[in-house]
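Peer 1: How does the following fold in three dimensions:
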Amino acid sequence: MSAQPQPVNPNLPPDHVTVFVDGIEIAAPKGSMIIQAADRAGVAIPRFCYHDKLPVAANCRMCMVDTELGGRPGPKPSPACATPVADGLKVFTRSEKALKFQRDVMEFLLINHPLDCPICDQGGECELQDVSMGYGRSVSRYVERKRVVADEDLGPLVATEMTRCIQCTRCVRFTADIAGTYELGGMQRGENLQIGTFDGKPLTTELSGNVVDVCPVGALTNKVFQFKARPWELVARESLAYQDALGSNLFHHVRRGEILRSVPRDNEAVNECWLSDRDRYAHQGLQAEDRATVPMIKDGGQWREASWDEALAKAQSILSANRGDALGMLVHPATSNEEGLVLAALADGLGSTHVDHRIHALDLSDGAVSEAFAAAVADIEKADAIVIVGSNLRHEVPLLHARVRKATLHGAKVHVVNPVDFDFAFEIAGKHIVAPSQLATELAKVDLGTAKAPVVIVGNVAERGVHASAIRKAVADFSAAKNARLCRIPQGANALGLTKAGVLPSGRDALAMLREPRKAYIVYGIEPGLDFAYPGLAARALGDAQVVAFSQFACESTRAVADVILPIAAFPEVQGTLTNLEGREQRSQAAGKMPGQAREGWRVLRALGGAMQLAGFDFTDLDGLRSALKPRAVAVKQGAAVGASGSGLEVAASDAIYRSDAVTRRSSALQSHVLTHGAQAAIHPQTAAAVGLQDGATGRFTTGDGTASLPVRLDAGVAQGCVWIERGYGATAPIAAADVEARPA
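Peer 2: The predicted model follows:
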């Protein structure tokens, strides 16, 4: 007979063992921990430091359980989070010994915890409250003075009350292992142990709000939501993030129609259990002072409020007089699928072939449209080689950047081909920092070695630049030659959905509509001064035409060009679907209340189409809309390109992380964040010396679209012959689309 122990259940897969948790037989993977087996069986074990997305720390000892193996009881209780399973292991979570130790640990945790539950923002959803109800004493046996810990200013997003901290280190492990910034840590020892930053500076990670979610007590809370409401006053509405094309799942928490906070909604295939700060705090912009709340008409050069009937009549008059070739339709790429279907139908009804959502593009000479990722988002972390081309990925799609970081922790090699040495939270195997005009040729120099599952990710620096078509061809050829899965990030939260809906031109594309102005335009969901790739060109073309603006904001740039403003709801205020970067169609509920007389965009479009007696506009609800309107088949032609002048400095433009859309730009907390640097021009020291610019001085940068006066920052990470600017600021708008002449102001 074999001397090896025989498995309790020989029918199990070879990588599993049999464990008994409170008498329940469980098949658990070898190497997994007791707490994971118990969770699988639905047996509750109290815990504070354990989190299934974070490395095991075994700090709090709250998860102590009693064990028995081979008929022999364990010598002492074991922490369930750090004790691996074994075949035949018996676990007792409610035995007298286990309960005694759990209650003792609870008593120790409460020794120094302040009695401020009534004023704590975590009250009502606090893990410490929940567990203490089951394992705590009604009175404390300790009468000594409780310790007090000074708070730190972690920035405008996360509020601190560190006296409440129980040193579970979840926040420390999050910033180290998920965000990769290592900004929080434990200082001193014993009773003097404190969690905080080592340098006393605010958090810089773009994922900082997640420390609020992982904190089991009220030590770290949402500063924007602070003292606004109690959890039991809020209603949770399922929704989606629309700040990037990932489509992170989230809940909006609403009280009396106002969105007070956003929290992640678990979806392992998309955002796991995390949320970027941009997705979490952008809702603050919905309450901006310049929200469009009533229909408005420009009368004799002056704006006045109007009824919906009068405003729709004005819009109908403009569109009836400018059908067909005279009409252009420009649509924001975060517009929902339902609105996209109605817009496409409206274009057909009015006979216009000039309809486009690619408002950011400068080079459409290859007729490029958005395409779904060739790799699922969850599979990117399994890649063994990743090439990032023309993207500040950490700011462009923060949670996709987190997936790439996970891949590097599994051994993947990351190569970047960029005009700027952007900051990534992982080690780079190969850097190729060259001017935008050289990205296509430089890509061929990337060596992937023996990679078996490579991925190529292409971002907005490449997709929106004047050399975009050459770069797209280069990445397609490279991906085919290396057998790599090509992932071009759609340029807009729903660019892929609008592509499928047919919000595309068979006539002039967005850039051509502005270069060859139409007599009238529909501008849908766009802030003209900041959303267009060429704002100066857009201002001139729209300013000379009649414009019907469907808008969430009655901003200055919209008022400057529009003849009628029809107030429409923002995405969190309506039901709708978005299609994310891997082609996943996701649906959201209406959360916030539409302000004033604002209406759902599709309803306004339906009313307008119905008033003009266009075919297909007889639906009355979303289900009817989806049944009545089908995606529009469009043969997209090769389009326009700005082209490079060949003189001056090349512009490398990326989106400022918190200036990427109209709602985010109006979130005061995000605008106060350290990552919102303000408008500036970054130049390599040698390039600056050649044109006579100095660090901190003001430079004048001139293109055919205008002149920008910007503070200069010397940065050796910028490719020579380039100037790097961030889009989303009015000051940088004139120079985001062409080569610039630079000189001292």
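Peer 1: so Val456 is in which element?
Peer 2: Val456 belongs to strand 454-458 when assigned by DSSP states H and E.
Peer 1: List the buried residues for stretch 596-608?
Peer 2: 598-608 (16 or more other Cβ atoms under 10 Å). C-betas here are computed from N, CA, C, even on glycine.
Peer 1: For Phe422, the count of nearby residues, please.
Peer 2: Counted by other Cβ atoms under 10 Å, the residues lying close to Phe422 total 22.
Peer 1: contact partners of the helix or strand bottoming out on mean pLDDT in the chain?
Peer 2: Least confident helix or strand, the chain: strand 741-744 with a mean of 86, by mean pLDDT, DSSP states H and E. Contact partners of strand 741-744, identified using Cβ atoms under 8 Å, 6 or more residues apart in numbering, comprise 647-649, 681, 683, 691-694, 697-703, 723.
Peer 1: who does it pair up with?
Peer 2: strand 698-703 (antiparallel) (DSSP bridges).
Peer 1: Go ahead and name everything in contact with the partner strand.
Peer 2: So strand 698-703 is contacted by 649, 681, 691, 693, 707-712, 723, 734-735, 737-745 (Cβ under 8 Å, 6+ apart).
Peer 1: Kindly report the same for stretch 559-566.
Peer 2: Here stretch 559-566 has contacts from 292, 295-298, 303, 306, 311-312, 314-315, 318, 523, 528-529, 538-539, 542-543, 546-551, 554, 558, 604, using Cβ under 8 Å, 6+ apart.
Peer 1: Which positions in it come out as buried?
Peer 2: 559, 561-566.
Peer 1: Please apply the same query to stretch 199-216.
Peer 2: 202-216.
Peer 1: Mind pulling up the pLDDT for the closest residue to Thr703 other than its chain neighbours?
Peer 2: Nearest residue to Thr703, sequence neighbours excluded (Cβ to Cβ, 6 or more residues apart in numbering): Ala738, at 4.4 Å. pLDDT for Ala738: 73.
Peer 1: Quick one: classify Gln686 as helix, strand or coil.
Peer 2: helix (DSSP: H, G, I helix; E, B strand; the rest coil).
Peer 1: swap that for Arg403, please
Peer 2: helix.
Peer 1: Could you check how far it is from Cys273?
Peer 2: Noted for Arg403: a distance of 13 Å to Cys273, by Cβ to Cβ, to the nearest Å.
Peer 1: swap in Val574?
Peer 2: Taking Cβ to Cβ, one finds Val574 at 26 Å from Cys273.
Peer 1: Give me the more crowded residue out of those two.
Peer 2: Val574 (25 against 17).
Peer 1: Could you find the closest non-adjacent residue to that one?
Peer 2: Spatial nearest neighbour of Val574, excluding adjacent residues (Cβ to Cβ, 6+ apart): Glu600 at 4.8 Å.
Peer 1: residues in contact with the one you found?
Peer 2: 568-569, 573-574, 594.
Peer 1: Try it again at 10 Å.
Peer 2: 336, 338-339, 568-569, 573-576, 590, 594, 606, 622 (Cβ atoms under 10 Å, 6 or more residues apart in numbering).
Peer 1: Just send those back as a markdown table, with secondary structure, distance to Thr408 and pLDDT too.
Peer 2: Listed next are the contacts of Glu600 as a markdown table, based on DSSP: H, G, I helix; E, B strand; the rest coil; distance: Cβ to Cβ, whole Å; pLDDT from 0 to 100:
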| residue | secondary structure | distance to Thr408 | pLDDT |
| --- | --- | --- | --- |
| Ser336 | coil | 35 | 97 |
| Glu338 | helix | 39 | 97 |
| Glu339 | helix | 39 | 97 |
| Ile568 | strand | 42 | 98 |
| Ala569 | coil | 41 | 97 |
| Glu573 | helix | 39 | 97 |
| Val574 | coil | 39 | 96 |
| Gln575 | coil | 39 | 96 |
| Gly576 | strand | 35 | 96 |
| Ala590 | coil | 39 | 96 |
| Met594 | coil | 44 | 97 |
| Arg606 | helix | 48 | 97 |
| Leu622 | helix | 42 | 95 |
